[in-house]
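Q: Let's see this in three dimensions:
(chains A and B)
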Amino acid sequence: AQSVAQPEDQVNVAEGNPLTVKCTYSVSGNPYLFWYVQYPNRGLQFLLKYITGDNLVKGSYGFEAEFNKSQTSFHLKKPSALVSDSALYFCAVRDRTGGFKTIFGAGTRLFVKA
Amino acid sequence: GAGVSQSPSNKVTEKGKDVELRCDPISGHTALYWYRQSLGQGLEFLIYFQGNSAPDKSGLPSDRFSAERTGGSVSTLTIQRTQQEDSAVYLCASSLREGPENIQYFGAGTRLSVL
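A: Model (predicted):
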């Protein structure tokens, strides 16, 4: 069965510092992996996805994520955090074998302090 | 409209009442999803529609939950005889076509409170 784990409920970072939001997954075969962000009082927005190819994926707002097959991880990163990055981040996985169902992690709340 | 529209944005109801939640997907999007987001939880898949195919209802938590999609566009999620544990934010998403790599576009959600 597919599953996604976001081991940190909350991540605190100072503005200007690098940030990492962790995600590990379990799926049979190779996955499609996604990050979505939810700003306060707004719907989820797509950030980036891994389909195939380069393990380092670049997305919106300066975010990037690294796919690591051996560690079954897809950590979200940004070199320099902004206060406006404070939001709830969700990692998601879909199975390539034809399933449409997207499994989302529980979310990690990111606080960036000025 | 430009995005996925959900209504109402907030719904307060009494235990035992029925509620209907509406989703207008992005025009031209053939795939539509319903999720439930409870406090402190991730998104829980409820149901999926793709074109004229039979919907996948495998995520619906009980037979009190049902959904339909009329004309391949607007969808309604109905919860009968609401219970307090049904309180959550119900999110709708659509995507241009079905494919596991496709991006989902989410509405702002309906916050349901069952008293």
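Q: Helix or strand for the residue nearest the centre of chain B, just tell me which one.
A: Central residue check for chain B by Cα atoms, centre = their mean: the C-alpha nearest the mean position is that of residue B:34, 3.2 Å away. Following DSSP states H and E, one finds residue B:34 within strand B:31-37.
Q: Run through who's touching that strand.
A: A:100, A:102, A:104, B:23, B:25, B:43-51, B:61, B:67, B:69, B:75, B:77, B:88-98, B:102, B:104, B:109 (Cβ atoms under 8 Å, 6 or more residues apart in numbering or on different chains). C-beta here means a position set from N, CA and C on the backbone, and glycine is covered the same way.
Q: by contact count, what packs against the helix or strand of chain A with the lowest mean pLDDT?
A: Here the helix or strand of chain A ranked lowest by mean pLDDT, DSSP states H and E is strand A:103-104, holding a mean of 89. Applying 3 or more Cβ pairs under 8 Å, 6 or more residues apart in numbering or on different chains; DSSP states H and E, one finds that strand A:103-104 contacts strand A:3-5, strand A:87-95.
Q: Tell me where the model's unsure across the chain.
A: Since you didn't name a chain, this refers to chain A. Within chain A, the ranges that satisfy pLDDT under 70 run A:97-100.
Q: actually it's chain B I care about, not the one you picked
A: For chain B, residues meeting the criterion pLDDT under 70 lie at B:1, B:40, B:98, B:100.
Q: How many residues are close by residue 51?
A: Using chain A here. Neighbour count of residue A:51, defined by other Cβ atoms under 10 Å in any protein chain shown: 14.
Q: My question was about chain B, not that one.
A: Close neighbours of residue B:51, defined as other Cβ under 10 Å, add up to 11.
Q: close enough to count as contact, it and residue B:30?
A: Yes - here residue B:51 reaches residue B:30: they are 4.9 Å apart, a contact under Cβ atoms under 8 Å.
Q: Is chain A within reach of stretch B:96-109?
A: Yes - contact of stretch B:96-109 with chain A (Cβ under 8 Å from any Cβ of the partner chain) involves B:98, B:100, B:101, B:103, B:104, B:105, B:106, B:107, B:108, B:109.
Q: mind listing the strands for chain A?
A: Along chain A, counting by DSSP state E, strands occupy A:3-5, A:10-14, A:19-21, A:24-26, A:31-38, A:44-50, A:56-58, A:64-68, A:73-78, A:87-95, A:103-104, A:108-113.
Q: Likewise for chain B?
A: Assigned by DSSP E, the strands in chain B fall at B:5-7, B:10-13, B:19-24, B:31-37, B:43-50, B:65-69, B:75-79, B:88-95, B:105-106, B:110-114.
Q: Using CSV, please lay out those strands together with distance to residue A:54.
A: Supplementary listing: these in CSV, determined by distance: least, Cβ to Cβ, whole Å:
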stretch, distance to residue A:54
strand B:5-7, 36
strand B:10-13, 43
strand B:19-24, 35
strand B:31-37, 27
strand B:43-50, 27
strand B:65-69, 37
strand B:75-79, 36
strand B:88-95, 23
strand B:105-106, 25
strand B:110-114, 38
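Q: ok, back up a step: same list, the strands of chain A, but as a markdown table with mean neighbour count please.
A: Compiled in a markdown table, the strands of chain A are given as follows (neighbours: other Cβ atoms under 10 Å in any protein chain shown):
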| stretch | mean neighbour count |
| --- | --- |
| strand A:3-5 | 16 |
| strand A:10-14 | 15 |
| strand A:19-21 | 20 |
| strand A:24-26 | 17 |
| strand A:31-38 | 24 |
| strand A:44-50 | 20 |
| strand A:56-58 | 14 |
| strand A:64-68 | 18 |
| strand A:73-78 | 20 |
| strand A:87-95 | 23 |
| strand A:103-104 | 22 |
| strand A:108-113 | 17 |
